[in-house]
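*Asks:* kindly return the folded structure for what I paste below:
(4 chains)
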Amino acid sequence: MQERVKKDPEREFRVVGTRPIRPDGADKVTGRAKFGADFKMAGQLVGKVLRSPHAHARIKGIDVSKAAVLPGVKAIVTRDDFKDQGSEFVPAGEMLVNYRDVVRNVLAREKALFEGHPIAAVAATSEKIAREALRLIKVDYEVLPHVLDAVEAMKPDAPVLHEDMITAGVTPPPTKASNVAKRIEFVMGDIQKGFKDADVIVEREFNTKPVHQGYIEPHAVVASVSEDGSAEVWVTTQGHWIVRAHCARLLGWDISKIRVTASEIGGGFGGKTVVYLEPLALALSKKARKPVKMVMNREEVFRASGPTSGANIWVKIGAKKDGRIVAGEAILKYQAGAFQGSPVQPGCMCAFAPYDLENVKVVGYDVVTNRPKVAAYRAPGGPISEYAVESVVDEIAEQLGLDPIEMRLKNAAKEGTKAAYGPKFGPIGLVEGLEAAKGSPHWNAPLGKNQGRGIAAGFWFNIGGETTVSLQLNEDGTLSLMAGTPDVGGLRASLSMMAAEELGVDVAKVRPIIADTSSLGYNFLTGGSRSTFSSGMATVEAARAMIKEACVRASKLWEIPLDAVTWEDGKVRPAGDNAGKHEAMDLGDIAKIAGKTGGPIVGYSAITAHGAAPSFGVHIADAEVDPETGKTTITRYTVIQDAGKAVHPAYVEGQFQGGAAQGIGWALNEEYIYDDNGRLENPGFLDYRMPVASDLPMIDTIIVEVPNPRHPYGVRGVGETPIVPPMAAIAAAVKRASGVRFFELPMSPPKILAGMKAVKANGGAKATT
Amino acid sequence: MRYEAPDTIDAAVKLLAGEAGLARVLAGGTDLLVQMRSDVVSPDLVVDIKKISELRQVKEEAGGFRVGAAVTGAELKEHAKLPKAWPGLVEAANLIGSTQVQGRATMGGNLCNGSPAADSVPGLIAAGATATLVGPNGRRDLKVEDIMLAPRKLALTKGEIVASFLLPARPARSSDAYLRFIPRTEMDIAVVGCGVSLTLDPSGTCTAARVSLGAVAARPLLVEDAAKAIIGTKLNHAALAKLEAAARAACKPIDDKRGTVEFRIDVAGVLARRAALIAQERARKA
Amino acid sequence: MAKHHVSATVNGDAVEFLCESEQTLLDCLRDELDLTGAKEGCSSGDCGACSVMVDGRLVCSCLVLGVEASGKSIETIEGLSDGEKLHPLQQKFLEHAALQCGICTPGFLVASKALLEKHPNPTETEIRYWLAGNLCRCTGYDKIIRAVIDAAAEMRGA
Amino acid sequence: MAHVVLIGNLRQYTGGVTELDIAAASVRQLFARLTEKFPELGPHLEDGLAVAIDGQIYQDALLEPIPENSEVHILPQIAGG
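*Replies:* Next comes the predicted model:
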């Protein structure tokens, strides 16, 4: 079931809001589209990475002498091939990056900090030889005690990963190094007073496990450094300008020397925003003077890329009898993995974002552990804290005997509400989403035996950022559109639609491509749900620049003032009394005269896109719990979310459905499992249990459209919010189905069965972890 | 690594027996190739047995069926008579992996991979299947429950191949069922597996039964006490309670990434009851 | 160890290639025959991105040795369309927006075709179980299942 | 004058001050005034922070005008996945 809810009478669109076939579609259904591992260069070598078998170990020596003389081995790189970088947070694009950590994540220096940490890389004439060479590299490790869990890592006697790491955000600064990189605090109002006013207070502790982005395409790169030191990189990434920046910095090369082309990308979800193989491939290629191809296998992806944080969260919420929340407090402890930079900060800011609260206090800790460094994953930080807060809101509603939607409506953030992280919201669609949920067929449908229904809200900020788009008017009136944000799921369709809308041409006349880093101005990466928003904004601006130029040409040709020329219905027309009689010209006509009236016509937009607006979602989940095995089946699911304006509704629905599916996996079965030695036990799709087709029902969607006033078409980012509500919605559904409230993810069958048995043993009612 | 694909079983046995290094049999390859890829095994010789016709056939024999060890799950399902006679066993074989894997995976491979969680093995044990082994010293028959001794450890001697399984003739009103527990609906390794095969008399009383469990001990188990619990009963409430208790009592599981001891023991009982009821329902119609 | 010389039929064309014993059919298709439509997502038969047909049987090409292809008929995603005319499944996947990133799409299409050849009128549940070996992380499967249902209806009508 | 609110950890650089009024016509001017007042805050302003002017969040917007009597929040930057 697909539905749409619109708020305002809107502009009449001709193309936007329709569902044309995507321009890159035919290549993708015929197997011709080239993804990361599909690119091949003549004479390429195979690059492979040697990884640490230990979770924590000092590297006393690396001996590559035997590997170096193996016939077919053409280059080896270790820590000695990369200059060390100082500890300093510097902007790279819009991300703050500490290159001290980036260089160590790419290749371990003093210590191996997680199982899978790269130690050395080899380029050889075949994969077999490269693998053999890895076996010949001798690494002298001094194995150290390790720590995997944030709470454990915060203890005073925990093994310390970085002997120089002093907790930031604490005054006075601690004198001793610890695993706590940072303490952050957001305070609004008076939390004590708030709790004093409360009629009911619920306080709970939650734990979540790390989960991986789970993209089906492993990381892959081909790099070729030529004799003059200029480099070509072909890579699967969410941001090729970011790859360029990181590689240039780590290798000490000029940015202009590196040209990066983004391949088709087989999923990223935040996980392809960092560099792993790219600097190694470049360094190997430079040494070997040949192209080098590197592809991770699935095990490497799980052991050494992503995931997002596991966390410990404590939440306390106070409310009046009528459901009005008067105080909210949370403490978040997020695992960062081996290097600081967990998404705890946005986690803090998101925690209470759906609600209009006066008194809020959130404290967050960024904690390093002997796991792979976390990477962004869809709404990074938000799903964890909002899961905990939404679960407590659900419990309060239950205690007060309130309908969970009514409870949320009573507290929902709306236009003018001061967000729990400070500023006031502009127009947002949470109330509209909750109302749509209340009126939905799903919310009002009967439930079967052993079934329960849950609901939860979710929020993500969305961002803009640096964006460049070039739109060329071709000689025959068709258009070439160059954008720079990799297309992870229909971007080229949306951009060509927006160009067609603005220019009054058929969408099939616009051919979009994702340009390489040397062919277009800078673009920040695809992330933060920014690509349709930002590249869309730049596309509309580029189209408007083209229209303006078309009008200039017409005014010159017609020898009338520019203000006597107008653009209407896809044509330049004379306008007003002084304009005279001239035949209106469409872009095809303009294209014919372009060369003779001043030269080719190119619309260009290079902007830092501002005005991104948050998107709120509401999810309804039905769960059936087998009382004898604890197995949970999701029997029905509906996603309701504000898209501002859905440019291509099918791909908006797809984002909703995909986010929900990932959230269902997170809620029920996905987790990283380590053995006592800190080695990952489930680095494959067999035991890292992402939902398969038979695990899920159809996922219904309702698109709410409360336009974003800062985007020419009203667009909001939609990609991230859908992963925020599922965990709490499912936990609430499981509670109603099983009678037990769970405070730990994943809610896997052994936990649920044990929980139900414990409740039975207690004679009912008592909650359990 | 050497690859050989002989077309007689004797040639295969000769190759395997004569290999000084590590030799592996390739049937469906759905375990072997994964292990080779992840460097768990690096064989010097791989003997592909799919060109040996004896191993690729399902034949009626002595009122029952002889199933070649290299017949795939998908082929079992497509057989004209087998799914009706042994629905539980065919289901078990077809729970191994995805549709793609079912097109390759075989019961012989499933057994010889030596995993306590293999899905088709409890099915075979419940069925009372006998395996025919061929080795340098000729042929011999072994009950399936006697083949796997411990994880990755089999009662096969060097050069010996599992050639086929004999599913015995069975009286009217007989049927079987196999259930496994996995956290998802597909694509997992059994956390617990349970096969039940039984025969009813005209009054509906169970006259014969075999119950087997997988993934709850170091090897798939034949649980005679569980069978005794339902033999002579109409699978009433008390008999089923005894069945559940016997199944649970037989479990000696471990805690691992796929499940806990407590969970496995609990669920073994649940599956035994559910599988017995399915088998009973089927037997009434058989 | 000398390489094996393999002769097979791929998408109706006779092909020959050399491969080592360890090389999988997936490696051979991608590296020796430059047919990169089948993708490597896991190399363990758990994702289905490398699905192909071998003698009419749906398999993961990562779980088949290249040398086993000798004398066999292989069908890959590259052979699905009839020249310029897309297969109804391909067309329906596009119309239903049943792909986002597209990496799993070739595997889904090959597996779906195998299903519809066997079961022209599958239920939603049958489709979901048949395709359980094909992982998709982007779509939540909804639009994929709808596309297969729609393609099946069209193929039955045609 | 703009009413400026410092969010999160910033008060550790301002001796505990979280709200103040500042005359500034642009984000760049605002940062300059804040740096004069709180020298420790200065290095943190241009990197890693966002500015919300009357609710609208800006990242990397030194030239953005700040209207008279507006409310300005200074908060951590947001990225995404």
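
*Asks:* OK, now which residue of chain D is nearest to chain B?
*Replies:* Of all residues in chain D, D:Gly81 sits closest to chain B, at 24.4 Å by CB to the nearest CB. Bear in mind the C-beta positions are built from the backbone N, C-alpha and C, glycine included.

*Asks:* give me the nearest residue to that residue, chain neighbours excluded.
*Replies:* A:Gly270 (2.5 Å; CB to CB, 6 or more residues apart in numbering or on different chains).

*Asks:* can you report how many residues lie near the one you found?
*Replies:* Applying other CB atoms under 10 Å in any protein chain shown, we find 30 residues neighbouring A:Gly270.

*Asks:* right, and it touches A:Gly527 too?
*Replies:* Yes: at 6.2 Å, A:Gly270 counts as touching A:Gly527 under the criterion of CB atoms under 8 Å.

*Asks:* list the contacts for the residue of chain D closest to chain B?
*Replies:* Neighbour list for D:Gly81: A:213, A:269-271, A:273, A:376-380, A:527-528, A:720 [criterion: CB atoms under 8 Å, 6 or more residues apart in numbering or on different chains].

*Asks:* top of those residues by neighbour count?
*Replies:* Among these, the one with the most neighbours (other CB under 10 Å) is A:Ala379, at 34 neighbours.

*Asks:* any idea whether that residue is helix, strand or coil?
*Replies:* Put simply, A:Ala379 is coil when judged by DSSP: H, G, I helix; E, B strand; the rest coil.

*Asks:* which strands and helices sit next to the strand or helix carrying A:Ala67?
*Replies:* Element membership for A:Ala67, per DSSP states H and E: helix A:65-68. If contacts are counted by 3 or more CB pairs under 8 Å, 6 or more residues apart in numbering or on different chains; DSSP states H and E, helix A:65-68 sits against strand A:73-77, helix A:127-136.

*Asks:* go through these and name the closest to chain B.
*Replies:* Closest among these, using CB to the nearest CB: helix A:127-136, at 8.2 Å.

*Asks:* quick one: mean pLDDT for that closest one?
*Replies:* Averaged across helix A:127-136, the pLDDT comes to 97.

*Asks:* coming back round to it: identify the contacts common to A:Gly270 and A:Gly527.
*Replies:* By the contact definition CB under 8 Å, 6+ apart, A:Gly270 and A:Gly527 are jointly contacted by A:Gln238, A:Ala376, D:Gly80, D:Gly81.

*Asks:* among those, which are in strands?
*Replies:* When these are checked against strands (DSSP state E), there are no matches.

*Asks:* OK, contacts around B:Ile49?
*Replies:* By CB under 8 Å, 6+ apart, the residues touching B:Ile49 are B:Pro6, B:Ile9, B:Ala12, B:Val25, B:Leu26, B:Ala27, B:Leu55, B:Ala69, B:Ala70, B:Ile161.

*Asks:* what does residue 125 show for phi and psi?
*Replies:* In the absence of a named chain, this looks at chain A. Dihedral pair for A:Thr125: phi -70, psi -20, per degrees, to the nearest 10.

*Asks:* my guess is it contacts A:Gly43, does it?
*Replies:* No: in terms of CB under 8 Å, A:Thr125 does not count as a neighbour of A:Gly43; the distance is 9.6 Å.

*Asks:* what about these two, which has more around it?
*Replies:* Applying other CB under 10 Å to A:Thr125 and A:Gly43 shows that A:Thr125 carries more neighbours, namely 17 against 9.

*Asks:* ramachandran coordinates for the closest residue to D:Phe38 other than its chain neighbours?
*Replies:* The shortest distance from D:Phe38 to any non-neighbouring residue, by CB to CB, 6+ apart, is to D:Thr14 (4.6 Å). Backbone dihedrals for D:Thr14, given as degrees, to the nearest 10, come out at phi -120, psi 20.

*Asks:* gap between D:Thr14 and D:Leu41?
*Replies:* The gap separating D:Thr14 from D:Leu41 is 6 Å, by CB to CB, to the nearest Å.

*Asks:* who's in contact with the longest helix anywhere in chain C?
*Replies:* When chain C is parsed with DSSP state H, its longest helix is helix C:142-157. For helix C:142-157, the surrounding residues in contact (CB under 8 Å, 6+ apart) are A:650, A:653-654, A:657, A:693, A:696, A:698-699, C:88-89, C:91-93, C:95-99, C:108, C:112, C:115-116, C:120-122, C:124, C:127-128, C:131, C:136.

*Asks:* now list the buried members of those.
*Replies:* Buried members of these, counted by 16 or more other CB atoms under 10 Å in any protein chain shown: A:650, A:653-654, A:657, A:693, A:696, A:698-699, C:88-89, C:91-93, C:95-99, C:108, C:112, C:115-116, C:122, C:127-128, C:131, C:136.

*Asks:* contacting residues for residue 25?
*Replies:* With no chain named, the answer covers chain A. Listed by CB under 8 Å, 6+ apart, the contact set of A:Gly25 reads C:Phe93, C:Leu94, C:Leu99.

*Asks:* that was the other one, I meant chain D.
*Replies:* By CB under 8 Å, 6+ apart, the contact set of D:Ala25 is D:Pro65, D:Ile66.

*Asks:* before we move on, the earlier item: centre of the chain to the longest helix of chain C, how far?
*Replies:* Computed by CA atoms, centre = their mean, to the nearest Å, the chain-centroid distance of helix C:142-157 equals 17 Å.

*Asks:* what about A:Ala493, which helix or strand?
*Replies:* Using DSSP H and E, A:Ala493 maps to helix A:491-503.

*Asks:* got the residues of chain A near chain B?
*Replies:* With CB under 8 Å from any CB of the partner chain as the criterion, chain A meets chain B at residues A:297, A:299, A:628-631, A:633, A:668-669, A:673, A:681-682, A:685-687, A:689, A:691-692, A:694-695, A:748-750, A:753-754, A:757.

*Asks:* which of those fall in strands?
*Replies:* A:Thr633.

*Asks:* narrow the residues of chain A next to chain B to those that are buried.
*Replies:* Buried, going by 16+ other CB under 10 Å: A:297, A:299, A:628-631, A:633, A:668-669, A:682, A:685-687, A:689, A:691-692, A:694-695, A:748-750, A:753-754, A:757, out of these.

*Asks:* and chain C, which of those residues contact it?
*Replies:* Here is what survives when those are matched to chain C using CB under 8 Å from any CB: A:Asn297, A:Phe685, A:Leu686, A:Pro691, A:Val692, A:Ser694, A:Asp695.

*Asks:* now the strands for chain C?
*Replies:* For chain C, the strands defined by DSSP E occupy C:4-10, C:13-19, C:51-54, C:57-60, C:73-75.

*Asks:* C-alpha coordinates for the second one, CSV please?
*Replies:* Yep, that's strand C:13-19 we're talking about. The C-alpha coordinates for strand C:13-19 follow below in CSV (Å, rounded to 0.1, in the frame of the first residue of the first chain):
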residue,chain,number,x,y,z
ASP,C,13,27.7,-19.0,-27.4
ALA,C,14,30.4,-21.6,-27.4
VAL,C,15,33.3,-20.4,-25.2
GLU,C,16,36.7,-21.7,-24.2
PHE,C,17,38.8,-20.6,-21.4
LEU,C,18,41.7,-21.7,-19.3
CYS,C,19,41.4,-21.9,-15.5
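
*Asks:* within the sheet, what are the partner strands of that strand, with directions?
*Replies:* Using DSSP bridges, strand C:13-19 pairs in its sheet with strand C:4-10 (antiparallel).

*Asks:* just the CA atoms of the strand it pairs with, as PDB, please.
*Replies:* Coordinates of each C-alpha in strand C:4-10 appear next as PDB, following Å, rounded to 0.1, in the frame of the first residue of the first chain:
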ATOM      1  CA  HIS C   4      42.400 -26.700 -17.300                       C
ATOM      2  CA  HIS C   5      41.000 -26.100 -20.800                       C
ATOM      3  CA  VAL C   6      37.300 -25.600 -20.400                       C
ATOM      4  CA  SER C   7      34.800 -25.600 -23.300                       C
ATOM      5  CA  ALA C   8      31.300 -24.600 -22.400                       C
ATOM      6  CA  THR C   9      28.300 -22.700 -23.700                       C
ATOM      7  CA  VAL C  10      27.600 -19.300 -22.200                       C
END
